[in-house]
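Engineer: Here you go, sequence then predicted model.
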Amino acid sequence: MSKPETTTLRGELPGVKLAGSTGATAEVYTHGAHLASWKTADGVEQLFVSSDVVFKPPKAIRGGVPICFPQFSDFGPLGQHGFARNETWEVTARTPTSVQMTLRSTPASKEKWPHDFVCVYEVMLGAGNHLKTTMSVTNAGIEPMTFTTALHTYFRCDDALAAKVTGLKGASYLDSLDGRVRREEIGEFVAFAEEVDRIYLSTSDALAVEDVAGSRSIRITKRNLPDAVVWNPWIEKSKATGDLGDDDYKKFVCVEAAAIETPVTLPAGERWECEQVLECVKHASPVPAIDDAAPSKVEAEEAR
Ligand SMILES: O=P(O)(O)OC[C@H]1O[C@@H](O)[C@H](O)[C@@H](O)[C@@H]1O
């Protein structure tokens with residue numbers, strides 16, 4: 001069977017462009033199986049890619065959906081977020097509206113992480129303004145394996161200072177800006193008026209990014225990814241991050257469906273799967289106000 005074709009995306013790196021009958025499109029690079037663009041039928045880009053993005057493998061692309069595997073952040077001995085986002089994946093199947101990419105362990109990967117694995121990632125343009133991604137991990141070895149993982153999604157916002165992440169009320173979180181101390185989310189939503197870097201634990205599987213300024217919501221439905229990381233680098237970290245524009249903190253919010261608190265332990269020969277479905281909902285008028293009495297942070301206006 002001939003290998004599915006790839007094209008050069010953005011004149012930079014090989015990948016696959018998906019196109020739905022409604023006009024929706026998506027682009028997935030073979031580098032990192034990195035989903036870096038999802039445009040809904042109205043042509044609106046839903047994902048953020050840095051204005052200073054560097055397409056220079058093995059460096060991970062800044063934005064879109066980096067795959068954190070087999071380790072989230074520093075929850076293990078590997079480099080930050082593991083190595084899946086730094087490797088070239090093989091296009092193993094595709095249709096006009098979907099692509100499957102596969103990453104297999106190699107002698108080089110086993111130097112870093114001594115396991116035989118097969119990781120299969122699929123991106124599917126759905127009907128309407130839906131996009132579904134699934135990821136499976138098969139333990140191809142004879143010993144159990146343990147990993148943490150996250151779909152590190154950068155959601156584009158017209159104005160992150162007015163954005164809200166909903167669905168986390170009552171969830172505990174580890175505050176990565178304060179020694180990962182455990183706190184409880186008391187707000188109806190998470191707002192952004194400073195750097196935010198939190199690992200929410202065992203959350204609802206229905207979250208949303210309310211891009212109030214853009215009169216749109218992106219609904220996130222996750223499966224088998226119990227946790228969710230919420231991150232915005234804010235001003236200083238945007239300036240300090242070479243492949244982020246100084247003002248890029250205003251243009252995205254990361255909500256990362258993840259399995260972190262309870263690492264996945266996979267017996268030999270077993271297969272694990274997770275899923276994330278995104279749906280963009282456009283509002284005729286600004287997003288309905290949520291009870292403003294309960295923001296977990298000072299009003300964004302004070303940060304202007
Ligand atoms: O720069 P990287 O390796 O892509 O990581 C970006 C961010 O990823 C987030 O998931 C982490 O919680 C942050 O602490 C980190 O800064």
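Structural biologist: Great, that's in hand.

Engineer: Assumed residue 237 was part of a strand.
Structural biologist: No - applying DSSP: H, G, I helix; E, B strand; the rest coil, one finds residue 237 to be helix, outside a strand.

Engineer: Can you get me a residue count around the closest residue to it other than its chain neighbours?
Structural biologist: With CB to CB, 6 or more residues apart in numbering as the criterion, residue 237 has its nearest non-adjacent residue at 6.0 Å, and that residue is residue 195. In this view, the C-beta of every residue, glycine as well, is placed from N, C-alpha and C. Number of residues near residue 195 (other CB atoms under 10 Å) recorded here: 16.

Engineer: Quick check, residue 195 in contact with residue 239.
Structural biologist: No - using CB atoms under 8 Å, residue 195 is not in contact with residue 239, being 11.7 Å away.

Engineer: give the contact list for the residue nearest to residue 237.
Structural biologist: For residue 195, the contact set (CB atoms under 8 Å, 6 or more residues apart in numbering) comprises 177, 232, 233, 234, 236, 237.

Engineer: for residue 141, same thing?
Structural biologist: Taking CB under 8 Å, 6+ apart, one finds 115, 116, 117, 268 in contact with residue 141.

Engineer: Give me the buried subset of these.
Structural biologist: 115, 116, 117 (16 or more other CB atoms under 10 Å).

Engineer: Helix or strand: which one has the first one?
Structural biologist: Here residue 115 sits in a region with no helix or strand, counting by DSSP states H and E.

Engineer: Test my guess that it contacts residue 142.
Structural biologist: No - Residue 115 lies out of contact with residue 142 (CB under 8 Å); the separation is 10.1 Å.

Engineer: and residue 127, how many neighbours does it have?
Structural biologist: By the criterion of other CB under 10 Å, residue 127 has 10 neighbours.

Engineer: Distance of it relative to residue 24?
Structural biologist: Taking CB to CB, to the nearest Å as the measure, residue 127 falls 9 Å from residue 24.
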